[in-house]
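J.: Predicted model and sequence below, questions to follow.
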Amino acid sequence: QQQVKQSPQSLIVQKGGIPIINCAYENTAFDYFPWYQQFPGKGPALLIAIRPDVSEKKEGRFTISFNKSAKQFSLHIMDSQPGDSATYFCAASFNQAGTALIFGKGTTLSVSS
Amino acid sequence: NAGVTQTPKFRILKIGQSMTLQCTQDMNHNYMYWYRQDPGMGLKLIYYSVGAGITDKGEVPNGYNVSRSTTEDFPLRLELAAPSQTSVYFCASSFVPGGSEQYFGPGTRLTVT
């Protein structure tokens, strides 16, 4: 059972564009929603995260929008650069011992120059 | 700090062979995790540990075993390797459970033929 659904599977944008990656979750008990960035041959690294008590969070060019009623959250990358080309994973978890991240299937982003 | 280190980086196994994937973290994190990543499938939790001497199964534990004798080390054992275990394996650690940043190692790419 996939509890976090991510789309699109792949995305191509031009430099300066604003790619948007969407995720939907099923379990309303989730209370932590991170986005991880992964470059080829590397492990995932935390990019930005949000908790359900806020609707938006910005860190530099990266913004998470969170819609609790729709059980959806999305990642926006402003002024995208070729160096942003990577695979992005959304995830969700519960804030309790013995739990781990439940990942979406990932989105491969390519930013052309 | 080296963070989370994994060895080996690459390995080819024959069907039926066994091996241990090593994972060490130097951040004094109590929580450690093993994930496997298959193309287009995101990351799935194999086993996790909430502290030395305490481990538990994740979503896909069959064919694997773990141990946690120290805070720093969390090895993953594959017994009787099968082609279905061909994957990239990531170890991760976190300071607190669930809703917090997980730090990932660089991964081990395993091929079983």
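T.: Happy to help now that I have it. Numbers count the residues shown, from 1 in each chain, chains lettered A, B, ... in the order given.
J.: only C-alpha atoms for contact and neighbour calcs from this point on.
T.: Fine.
J.: Could you tell me how many residues sit around the residue of chain B found nearest chain A?
T.: Closest residue of chain B to chain A, C-alpha to the nearest C-alpha: residue B:42 (3.9 Å). Applying other C-alpha atoms under 10 Å in any protein chain shown, we find 21 other residues in the vicinity of residue B:42.
J.: quick one: secondary structure of the nearest residue to it once chain neighbours are set aside?
T.: Using C-alpha to C-alpha, 6 or more residues apart in numbering or on different chains and skipping residues adjacent in sequence, the residue nearest residue B:42 is residue A:105, 3.9 Å away. Assigned by DSSP: H, G, I helix; E, B strand; the rest coil, the conformation of residue A:105 is coil.
J.: Isn't residue A:105 up against residue B:43?
T.: Yes - the pair residue A:105 / residue B:43 is scored as a contact, 7.4 Å apart, by C-alpha atoms under 8 Å.
J.: more crowded one of these two?
T.: Shown here are residue A:105 and residue B:43; by other C-alpha under 10 Å, residue A:105 has more neighbours (27 against 24).
J.: Now do the more buried one against residue A:11, distance only.
T.: Using C-alpha to C-alpha, to the nearest Å, residue A:105 is found at 14 Å from residue A:11.
J.: got it, and residue A:21?
T.: Distance, residue A:21 to residue A:11, using C-alpha to C-alpha: 9 Å.
J.: Overlap in contacts, the two.
T.: Counting by C-alpha atoms under 8 Å, 6 or more residues apart in numbering or on different chains, the shared contacts of residue A:21 and residue A:11 are residue A:107.
J.: Run through the bridge partners of residue B:87.
T.: Beta bridges link residue B:87 to residue B:110, judged by DSSP bridges.
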